[in-house]
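>>> Any chance you could fold what I've pasted below:
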Amino acid sequence: DRRPQRTAYQRRADRTQIAVVMEAVRSRRPLLGVCRGMQLLNVALGGTLHQHVGGHRSTGDDPFVATDLNNLRAVSPRLRQPLLCTHHQAVDELGRGLRAIAHSRNGIVEAVEHESLPFLGVQWHPEHPSVPPDQFTELLRIVHRRGATLDPVTMAAVGPLEVTRPVSLSTHGRAAVVRH
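Now for the predicted structure:
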């Protein structure tokens with residue numbers, strides 16, 4: 001285990017949270033995943049995680065570090081720095097329908113969106129008190145707007161969405177285990 005400190009793995013919590021994501025898929029409800037929520041969104045849709053990445057979590061008293069994205073405007077031109085994160089896991093293989101829309105300078109996926117559902121995931125913490133106060137609100141606006149633009153007739157014609165790769169909660173290899 002290369003992580004600086006091992007954290008408890010809550011299999012039951014992961015199953016419950018993945019079920020919430022799958023219900024949002026089924027009902028096509030807007031969904032914003034923040035930090036671990038983005039990781040769970042990816043895993044629920046069949047993606048995998050890097051089990052340890054460095055440089056995205058401080059070892060000091062304050063675990064948050066500033067993250068500089070190479071394409072923050074792709075998420076929204078209204079978002080401003082700082083973006084603060086604290087994570088040791090990151091998206092590896094993208095889940096079905098997800099696309100990476102922002103990366104950190106060292107190539108870590110920091111934001112994802114779904115190609116047809118009103119889903120957005122960010123690896124940083126827009127609710128942190130040291131970030132601009134409108135950051136979280138802007139992310140909520142994005143998913144709300146995407147949800148409002150879904151045409152019910154078109155979405156009904158598309159039919160149900162299914163995840164073709166089963167979610168693995170294994171702790172071996174390129175696992176989908178989500179830890180914080």
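>>> Let me know the helix or strand that the residue most central in space within the chain is in.
A centroid search over the chain (C-alpha atoms, centre = their mean) returns residue 38, at 1.5 Å, as the residue closest to the centre. Residue 38 belongs to helix 36-44 when assigned by DSSP states H and E.
>>> is it true that residue 46 touches residue 92?
No: between residue 46 and residue 92 there is no contact under C-beta atoms under 8 Å: 11.8 Å. Using the backbone N, CA and C atoms, a C-beta is placed for each residue, glycine as well.
>>> hmm, back to that, what's downstream of the helix holding residue 38, the next helix or strand?
Next along from helix 36-44, by DSSP H and E: strand 49-50.
>>> strand partners of that next one, parallel vs antiparallel please.
Sheet pairing of strand 49-50 (DSSP bridges) gives strand 90-91 (antiparallel).
>>> List the neighbours of the strand it pairs with that are in contact with it.
For strand 90-91, the external contacting residues (C-beta atoms under 8 Å, 6 or more residues apart in numbering) are 38-39, 42, 47, 49-50, 53, 56, 100, 108-109, 112, 123.
>>> So for residue 97, what pLDDT did the model give?
pLDDT recorded at residue 97 is 96.
>>> coming back round to it: quick one: list the elements packing against the helix holding residue 38.
helix 11-27, strand 31-34, strand 49-50, strand 90-91, strand 109-114, strand 119-122 (3 or more C-beta pairs under 8 Å, 6 or more residues apart in numbering; DSSP states H and E).
>>> try 10 Å this time
helix 11-27, strand 31-34, strand 49-50, strand 90-91, strand 98-103, strand 109-114, strand 119-122 (3 or more C-beta pairs under 10 Å, 6 or more residues apart in numbering; DSSP states H and E).
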